[in-house]
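> sequence and predicted structure below; questions after.
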Amino acid sequence: MEKRLILRGVLAGAFAGLLAFVFARIFAEPQISQAIDYENGRDAAQAALDKAAGLPAEAADPDLFSRTVQADVGMGLGLVLFGAAMGAILAVVYTVCLGRVGGLRARNLALLVAGGGFLGLYLVPFLKYPANPPAIGHEDTIRARTGLYLIMVVCSLLFLGLAVWLGRRLRPRLGNWNATLLAAAGFAVAVGVVMALLPPLGHLAANERDYGRHATETPLPLRDPSGRIVYPGFPADVLFSFRLYSVAAQAVLWGAIGLVFGPLAERVLRPAGGRAPAPAPDPVGV
């Protein structure tokens with residue numbers, strides 16, 4: 001049964017990734033194109049300043065793939081494979097939760113696990129280190145940024161699991177509502193402490209060395225030696241729209257995984273010619 005559930009999780013995830021790609025291609029890709037145009041314009045302005053100062057021009061790295069290939073094949077394949085991987089993970093967690101979450105039905109459990117995946121794997125880490133389009137991010141901070149984001153993901157998943165465990169332990173004494181509120185509050189406090197301890201991306205050594213101490217890596221206006229602005233900072237509306245559509249694309253992905261996987265799992269769990277079995281009673285205090 002477990003293998004059949006995981007296979008259906010992969011299929012549901014691949015389909016959800018395709019839906020997320022369609023959404024991102026329509027809404028997020030135009031923001032990416034605007035960010036790339038900004039980056040090209042800023043590089044040209046910086047090259048002009050360097051030339052005026054007598055500095056050697058840096059050779060531009062050739063693009064291995066065209067923008068069309070990146071936007072269609074690259075993004076599409078990446079989201080489908082990512083969705084399939086997330087669907088497999090959801091199916092594994094779903095299998096572990098069967099019979100251990102009280103009276104939840106198969107479809108409701110699938111949506112609950114999908115919501116937890118969206119919250120723990122994406123939304124909480126996003127609040128500390130939100131997604132950025134091209135033109136934002138120092139080349140020398142890639143490794144540090146990746147490490148900090150992974151720390152945020154691990155802490156988010158760990159605290160989410162502990163919050164579920166705490167809620168289950170407190171439920172016999174406080175009831176479902178109070179236990180859930182207390183566990184959620186503990187999760188929020190723990191995540192908030194980690195966010196406060198981790199540094200903003202603008203405080204990384206390479207950013208402070210080249211740009212000064214700022215909260216983020218968002219490019220500021222480019223100035224000439226006299227202090228005159230020769231190229232504007234990164235457009236705030238493009239940054240906002242990109243981040244909004246990034247969150248929405250992930251919500252589409254995880255929502256579709258939960259909605260598609262639930263009925264598929266229900267068919268696996270239902271005996272031939274019968275109804276789906278009622279979930280096993282939840283052991284008190286476990």
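Yep, it's here.
> who's in contact with Pro134?
Neighbouring residues of Pro134 by Cβ atoms under 8 Å, 6 or more residues apart in numbering: Ile32, Ala35, Ile36, Glu39. (Each C-beta comes from the backbone N, C-alpha and C, glycine too.)
> and for the first one, the neighbour number?
The burial metric for Ile32, expressed as a neighbour count using other Cβ atoms under 10 Å, is 20.
> specify the local secondary structure of the residue nearest to Ala53 when sequence neighbours are not counted.
Distance criterion Cβ to Cβ, 6 or more residues apart in numbering; nearest residue to Ala53, sequence neighbours excluded, is Pro225 at 7.4 Å. Here Pro225 is recorded as coil under DSSP: H, G, I helix; E, B strand; the rest coil.
> go ahead and confirm Pro225 touches Asp50.
No - when contacts are counted by Cβ atoms under 8 Å, Pro225 is not listed as touching Asp50 (11.4 Å).
> about what we covered before: which of the contacts of Pro134 fall in strands?
With strands taken from DSSP state E, there is no overlap with those.
> just flag the most distant two among those.
Distances among the contacts of Pro134 were taken as Cβ to Cβ; the most separated pair is Ile32 and Glu39, at 10.5 Å.
> same question for the longest helix belonging to the chain, mean pLDDT?
Counting by DSSP state H, the longest helix found in the chain is helix 142-197. The pLDDT scores in helix 142-197 average 94.
> quick one: buried residues of the helix or strand just after it?
Per DSSP states H and E, the first helix or strand lying C-terminal to helix 142-197 is helix 205-211. Residues of helix 205-211 classed as buried: Asn207 (neighbour count, 16 or more other Cβ atoms under 10 Å).
> packing partners of helix 205-211?
Contacting helix 205-211 under the criterion 3 or more Cβ pairs under 8 Å, 6 or more residues apart in numbering; DSSP states H and E is no other helix or strand.
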